[in-house]
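Novice: Below are the sequence and a predicted model for it; my questions follow.
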Amino acid sequence: QVKLVESGGGLVQPGGSLRLSCTASGFPFSRFPMGWVRTRPGKGLEWVSDITDDGLHTSYANSVRGRFTTSRDNAMNTLYLQMNNLNPEDTGVYSCVKDRIGTDPSWGQGTQVTVSS
């Protein structure tokens, strides 16, 4: 079955950086678009970014554009989210998602990111 395991979260000071990873298994990773979503304290689920199956095209929420970069390594079945210039509003649980707008999306359990001084 589909398995998505995120890692790389933690505590970081404002202005700092983190790189999240999502290791996928149970499906042909290179054939599906992937993305990231987050759940912030007191907020609902929020879309962060998407990347096409070939990794050539990405899109970002306005709140993270210019600071976050999504990439993938199809040979390693791994999705990445490089997060720079983090601020406290970025605090939340970050989850990777397979085929977010497709017919059978799947989410991982998520990794906690806390931005605080």
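Specialist: Looks like it arrived, so ask away. Keep in mind it's a predicted model, so treat the numbers as computed, not measured. Numbers count the residues shown, from 1 in each chain.

Novice: Could you find the closest non-adjacent residue to the residue nearest to the spatial centre of the chain?
Specialist: By CA atoms, centre = their mean, the chain has its centre lying nearest to Trp36, at 3.1 Å. Once flanking residues are discounted, Trp36 sits nearest to Val48: 4.2 Å by CB to CB, 6 or more residues apart in numbering. Using the backbone N, CA and C atoms, a C-beta is placed for each residue, glycine as well.

Novice: which ones are touching the one you found?
Specialist: Each residue near Val48 by CB atoms under 8 Å, 6 or more residues apart in numbering is listed here: 35-38, 60-61, 64, 68, 81, 94.

Novice: and these as JSON lines, adding pLDDT, distance to Ala75 and secondary structure?
Specialist: Converted to JSON lines, these look like this (pLDDT from 0 to 100; distance: CB to CB, whole Å; DSSP: H, G, I helix; E, B strand; the rest coil):
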{"residue": "Gly35", "pLDDT": "97", "distance to Ala75": "20", "secondary structure": "strand"}
{"residue": "Trp36", "pLDDT": "98", "distance to Ala75": "20", "secondary structure": "strand"}
{"residue": "Val37", "pLDDT": "97", "distance to Ala75": "25", "secondary structure": "strand"}
{"residue": "Arg38", "pLDDT": "97", "distance to Ala75": "27", "secondary structure": "strand"}
{"residue": "Tyr60", "pLDDT": "98", "distance to Ala75": "24", "secondary structure": "strand"}
{"residue": "Ala61", "pLDDT": "98", "distance to Ala75": "28", "secondary structure": "coil"}
{"residue": "Val64", "pLDDT": "98", "distance to Ala75": "26", "secondary structure": "coil"}
{"residue": "Phe68", "pLDDT": "98", "distance to Ala75": "23", "secondary structure": "strand"}
{"residue": "Leu81", "pLDDT": "98", "distance to Ala75": "18", "secondary structure": "strand"}
{"residue": "Tyr94", "pLDDT": "98", "distance to Ala75": "23", "secondary structure": "strand"}
